[in-house]
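**Q** Build me a model from this:
(one chain, ligands or ions: 2)
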Amino acid sequence: MKQKSDPMKIPGEGKNVPGEHPGENGRNEGSNPENPDRVEKKNGTPILEVKNLYHRYPHLTANALDNINLKIYRGERVAVLGANGAGKSTLFKHLNGILKPLSGDMLVKGEKITKKNVRTCRETVGIVFQDPDDQVLAPSVEEDVAFGPINMGLPRKEVEARVKEALEMVGLSGFEERAPHHLSGGQKKLVAIAGILAMRPEVIVLDEPTAGLDPLSSTRVLDLIMKMNRELGITLLLSTHDVDVVPYFAERVFVLHHGKLEADGSPEEIFSDPELLKKAHLRLPRVAEVFELLRQEGINASIQITAESAKNEIMRIMGPEN
Ligand SMILES: Nc1ncnc2c1ncn2[C@@H]1O[C@H](COP(=O)(O)OP(=O)(O)OP(=O)(O)O)[C@@H](O)[C@H]1O
Ligand SMILES: [Mg+2]
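**A** Ligands and ions are numbered 1, 2, ... in the order given. Below you'll find the predicted structure:
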């Protein structure tokens, strides 16, 4: 964790590479829906469980969340996809008790969130909000990042060490004395992420973590959270509109639409379902679009969703002599 990440590396590159053999329909046939790693992770109590969850905001007639049921296991990396207003942020705010369900239950490590345990749940599940202005409120960056660890009752030395480490991790060393309201939107987002990292939660939930970040910061954040998952086993859940990021990051994808959970599958499964993507107002990753175009030209190519697997498929099409 202390090691600095290589900001230029594409997160998870070379992982999650879909199989090379085209399916009947020319698409990858969900290469890892039940791979041994996932089966292993699915043993035991889910770290997060949502049961028959409904949510309705006051004065509205429609439910913002409509009978959501899902389980997330320790160590998983899950992406939540959905159009504007689909319910992603509303769902996330239930995961550590910020919002209360209209009905249904939210369980953390098998325990229903109650008034009594909500504090512990928030130490277990850290949420980085979509809008950093909702989260970054202290007069200086250092104080803001220290806020969580101080509230956890950690000794001063430990707080200082965690603040230093978290700021290093997000690339904001030297920003300690800066006033958050004088930072750029992207920098504020990185401060919010550092504040959660400093608490070292078991689950990190990031609501559109890369929105508003430049490509380098975006890669840095994704690289960092992948590293936390790989090296520390931290469970990750993130929402995004960026379908290109999903195959590199996620082992599992939830699709939300109008407050309903429309799908739960591997990236390969989700991106092999054009009807689902259309219904949920999503699109294929750009890499996959190239393969769709090739197929329209009559080339026998199977759809790929990562740059690495695309390279392999193109080399297969070109043949060994090329
Ligand atoms: N505080 C609120 N009061 C009333 N309605 C709300 C509130 N927050 C969200 N909503 C409504 O609930 C629905 C779900 O909103 P939510 O913010 O969860 O969507 P989202 O998937 O996060 O969208 P986005 O991609 O734009 O962030 C929307 O119809 C939204 O208008
Ligand atoms: Mg949102």
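
**Q** model confidence over stretch 126-140, on average?
**A** Within the predicted structure, the mean pLDDT of stretch 126-140 is 93.

**Q** now swap in stretch 52-67 and tell me
**A** On average, the pLDDT along stretch 52-67 is 95.

**Q** how much space is there between residue 317 and ligand 2?
**A** For residue 317, the distance to ligand 2 (C-beta to the ion, to the nearest Å) stands at 39 Å. (Each C-beta comes from the backbone N, C-alpha and C, glycine too.)

**Q** surely that residue meets residue 297?
**A** No: taking C-beta atoms under 8 Å as the contact criterion, residue 317 and residue 297 are not neighbours in contact, 11.3 Å apart.

**Q** which of the two has more neighbours?
**A** Counting neighbours by other C-beta atoms under 10 Å for residue 317 and for residue 297 shows that residue 317 has the greater number, 14 against 7.

**Q** and the residue nearest the centre of the chain, what pLDDT?
**A** Centre of the chain computed as the mean C-alpha position; nearest residue by C-alpha atoms, centre = their mean is residue 238, 2.0 Å away. At residue 238, the model reports a pLDDT of 96.

**Q** ok, stretch 64-81 near ligand 1 or not?
**A** Yes: Stretch 64-81 is in contact with ligand 1 by C-beta under 6 Å from any ligand atom, via residue 64.

**Q** Ends of stretch 173-189, what's the gap?
**A** Terminal residues of stretch 173-189 are spaced 15 Å apart (C-alpha to C-alpha, to the nearest Å).

**Q** ah, wrong one, I meant stretch 262-276
**A** Terminal residues of stretch 262-276 lie 8 Å apart, using C-alpha to C-alpha.

**Q** State the mean pLDDT of that stretch.
**A** Mean pLDDT, computed over stretch 262-276, is 93.

**Q** Now that stretch: buried residues?
**A** Taking 16 or more other C-beta atoms under 10 Å as the neighbour-count basis, stretch 262-276 is seen to contain the buried residues 262-263, 265-273, 276.
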